[in-house]
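# Structure here, sequence nowhere to be found:
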């Protein structure tokens, strides 16, 4: 049971570098989301998608891009990393056909120096 | 935007004691999730409540949704060290589907043997 798979688990970036956090789910879920978790801030929604080809901004989208070319994959791109983007990132998926339970990946720890 | 306030922010209890965590929303609740997170790990789904007055239980954990008070409570009976972690509530707002969920800042629970 793979569920939601995120890679990499840990990454250190230099300010200004770009990178992509990968997210894949094998449950045929139509909904996918990216959250970031910072101390004392809970989970904040970055971007979300309701299906292949459809994405929208969440609460904190600046500095991030997403695309959804397939149902399975939902990569998160950091265009020019900043220290403020140091965080733990979680990818999530859900479906009305699965009772709307949100399944989370194990997280990606990103440090920007 | 919807805001969720969790109380208490942290809790230390003796093993065997009961405890309650509250989640209060600034707006009407249309669906409420409870998740548990262990440090450095992903989020584990506990329960989802969708109707006012709804109550669900899983093992020693019970969650209730009070729609009028815009509040949900999570009650743990006879706590065990395995209950330790961070408990997060998440809510679906009036607009958007279950891919747009707002989360609280979490309650950190420690259980002392």
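Good, I have the coordinates. What you see is a predicted model, and the numbers here were worked out from it, not measured in a lab.

# Pull the contacting residues for residue 29.
This is for chain A. Residues near residue A:29 by Cβ atoms under 8 Å, 6 or more residues apart in numbering or on different chains: A:71, A:93, A:94, A:95, A:98, A:103. Yep, even glycine has a C-beta here, placed from its N, CA and C like the rest.

# that's the wrong chain, I meant chain B
B:65, B:67, B:70, B:71, B:72, B:91, B:92 are the contacts of residue B:29 under Cβ under 8 Å, 6+ apart.

# go on, residue B:44?
B:35, B:36, B:37, B:38.

# circling back: closest to chain B among the contacts of residue A:29?
Chain B lies nearest to residue A:94 out of those, by Cβ to the nearest Cβ, at 5.3 Å.

# Confirm for me that the closest one is in contact with residue B:33.
No: using Cβ atoms under 8 Å, residue A:94 makes no contact with residue B:33, being 10.0 Å away.

# Identify the bridge partners of the residue most central in space within chain A.
Compute the mean C-alpha point of chain A, and by Cα atoms, centre = their mean the closest residue is residue A:34, 3.0 Å away. Taking DSSP bridges as the rule, residue A:34 bridges to residue A:47, residue A:91.

# now residue B:7
residue B:22.

# So it sits against residue B:107, correct?
Yes: using Cβ under 8 Å, residue B:7 is in contact with residue B:107, at 7.4 Å.

# list the residues that contact both of these two?
In contact with both residue B:7 and residue B:107: residue B:21, using Cβ under 8 Å, 6+ apart.

# who has more neighbours, the two?
The residue with more neighbours, out of residue B:7 and residue B:107, is residue B:107; 22 against 12, by other Cβ atoms under 10 Å in any protein chain shown.

# after the least confident helix or strand in chain B by mean pLDDT, next one along is what?
Ranked by mean pLDDT, DSSP states H and E, the weakest helix or strand in chain B is strand B:101-103, scoring a mean of 89. Moving toward the C-terminus from strand B:101-103, the next helix or strand (DSSP states H and E) is strand B:107-112.

# in its sheet, what does that next one sit against?
So strand B:107-112, judged by DSSP bridges, has these partners: strand B:10-14 (parallel), strand B:85-92 (antiparallel).

# Tell me which of those strands sits most buried.
Most buried of the strands paired with strand B:107-112 by mean neighbour count (mean count of other Cβ atoms under 10 Å in any protein chain shown) is strand B:85-92; its value is a mean of 23.

# How far does that strand sit from its chain's centre?
Strand B:85-92 has its average C-alpha position 5 Å from the chain's average C-alpha position, going by Cα atoms, centre = their mean, to the nearest Å.

# hmm, who's touching that strand?
So strand B:85-92 is contacted by A:42-43, A:102, B:2, B:4, B:6, B:21, B:23, B:25, B:29-39, B:43, B:46, B:72, B:74, B:98, B:100-104, B:106-109 (Cβ under 8 Å, 6+ apart).

# Contacts only, for residue A:93.
A:4, A:25, A:27, A:29, A:31, A:32, A:33, A:74, A:102, A:103.

# Run a quick neighbour tally on residue A:32.
29.

# can you check residue A:66 too?
Residue A:66, neighbours per other Cβ under 10 Å, totals 23.
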